[in-house]
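In: Generate coordinates for the sequence data below:
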Amino acid sequence: MKTKSRYISGLDIQKDYISIAQYSPEESAVLLIAIQPVSQESKGSGFWENSIDELKSLKGKFKFHSPELVISVPSEYAVVKRIQVDIDEKSPVSELVKWELEQNLNDSINEYMLDYQELAIVSEKSQKEYLAVAYRRESIEPVFGILKNMKLKPVIMDLDIFALINVFEANYEEYLSVPVIIVYGEMEKTKLILSLNGEFIDFQCFEYKYGALEPGMYSQKVLKEISRILYINGYELKSAKLFLCGSVFSQIEYSDSIINQTNNGELLNPFRKIACRVGIDDERLKTYIPQLSVSVGLALRGND
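Out: Next comes the predicted model:
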């Protein structure tokens, strides 16, 4: 008897919208997508709480094949660190990671959730390298109760910046060997993610008041910050490839301003190689693409 496939969906909650993508590994395709605007009228102390009504509405319309979700955690709530460990180190990796992260936290380590993974590529053969993350419990735990009440189950929590690297890696294999900057522009902040060989290298975040930066000013600020993060890590802008995503770039004048100044940038397309079978035409899909990259990256992670 053939068993029914179970697809885990990716859920991305932003301050002004929620996006969901459901990916089928058997078909190598995204089968369902949804974007739900979030009211800016404050309902709680954090943006999780402010999204309750919209999540309920979305659940009523979105056909979840499984209650299991991979949800995004905003990287500004996290401490991210690459940790080198001698290959002959006898101490447990978990203890070493905990100690290293603790040196970068202002509060007790008990107030944070920890996670880490070994990196495939290391700079020294005598060492292992780990990517470690700590994020505040109080910043993310409310979402568990909210989703549980809706009979949804978050099985993986992943940083938004890691989800973007996932979706880049799946669609742009030819650029894995060059330094890549993913410019993730949202309502009040932009994150710059530096990646090489499909692995996280560094990220920066800068904030602004929504609507305060017109396209020319915004692109100048972005390019200045890109040059800085590349310089810190030993790269130059001319050697890097830029990809743009996030709701800012739903407005074509913002993407055009950066692309025209660099000649090496383009919109990050989560459906460049991953098929999208959601029953809408390509032109309409293009308007949603900037807001779907994180949720598609999360769905890919959940169905690895």
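In: In which helix or strand does Phe203 reside?
Out: Using DSSP states H and E, Phe203 sits in strand 199-207.
In: Could you do Trp99 as well?
Out: Using DSSP H and E, Trp99 sits in helix 93-102.
In: quick one on the thing from earlier: give the pairing partners of the strand holding Phe203; include direction for each.
Out: strand 189-196 (antiparallel) (DSSP bridges).
In: what about the partner strand, average pLDDT?
Out: Confidence for strand 189-196, expressed as mean pLDDT, is 96.
In: which residues are contacting stretch 131-148?
Out: For stretch 131-148, contacts defined as Cβ atoms under 8 Å, 6 or more residues apart in numbering pick out 13, 46, 48-49, 51-52, 55, 69, 71, 73, 77-83, 97, 100-101, 104-105, 109, 111-117, 119, 153-154, 157, 159, 199-200. Heads up, the C-betas are built off the backbone N, CA and C, glycines and all.
In: Please point out which parts of that stretch sit buried.
Out: Residues of stretch 131-148 classed as buried by neighbour count (16 or more other Cβ atoms under 10 Å): Leu131, Ala132, Val133, Ala134, Tyr135, Arg136, Ser139, Ile140, Pro142, Val143, Ile146, Leu147.
In: now for those, which pair is the farthest apart?
Out: Leu131 and Ile146 (28.0 Å; Cβ to Cβ).
In: Keep only those of the buried residues of stretch 131-148 that are in strands.
Out: Leu131, Ala132, Val133, Ala134, Tyr135, Arg136 (DSSP state E).
In: element containing the nearest residue to the third one once chain neighbours are set aside?
Out: This points to Val133. Leaving aside its chain neighbours, Val133 sits nearest to Asp115 (5.0 Å; criterion: Cβ to Cβ, 6 or more residues apart in numbering). Assigned by DSSP H and E, Asp115 belongs to strand 112-118.
In: May I have the strands that pair with that strand, each with its orientation?
Out: Strand 112-118 has these strand partners (DSSP bridges): strand 127-136 (antiparallel).
In: low-confidence ranges in this protein?
Out: 1-6, 40-50, 121-124 (pLDDT under 70).
In: Closest to the centroid, which residue in it?
Out: Central residue of the chain (Cα atoms, centre = their mean): Asp160, 2.2 Å from the mean position.
In: tell me the contacts of that residue?
Out: Asp12, Ser72, Val73, Pro74, Ser75, Tyr184, Lys191, Val294.
In: Could you export those as a markdown table, including secondary structure?
Out: Compiled in a markdown table, the contacts of Asp160 are given as follows (DSSP: H, G, I helix; E, B strand; the rest coil):
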| residue | secondary structure |
| --- | --- |
| Asp12 | strand |
| Ser72 | strand |
| Val73 | strand |
| Pro74 | coil |
| Ser75 | helix |
| Tyr184 | strand |
| Lys191 | strand |
| Val294 | helix |
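In: which of these has the most neighbours?
Out: Val294 (30 neighbours; other Cβ atoms under 10 Å).
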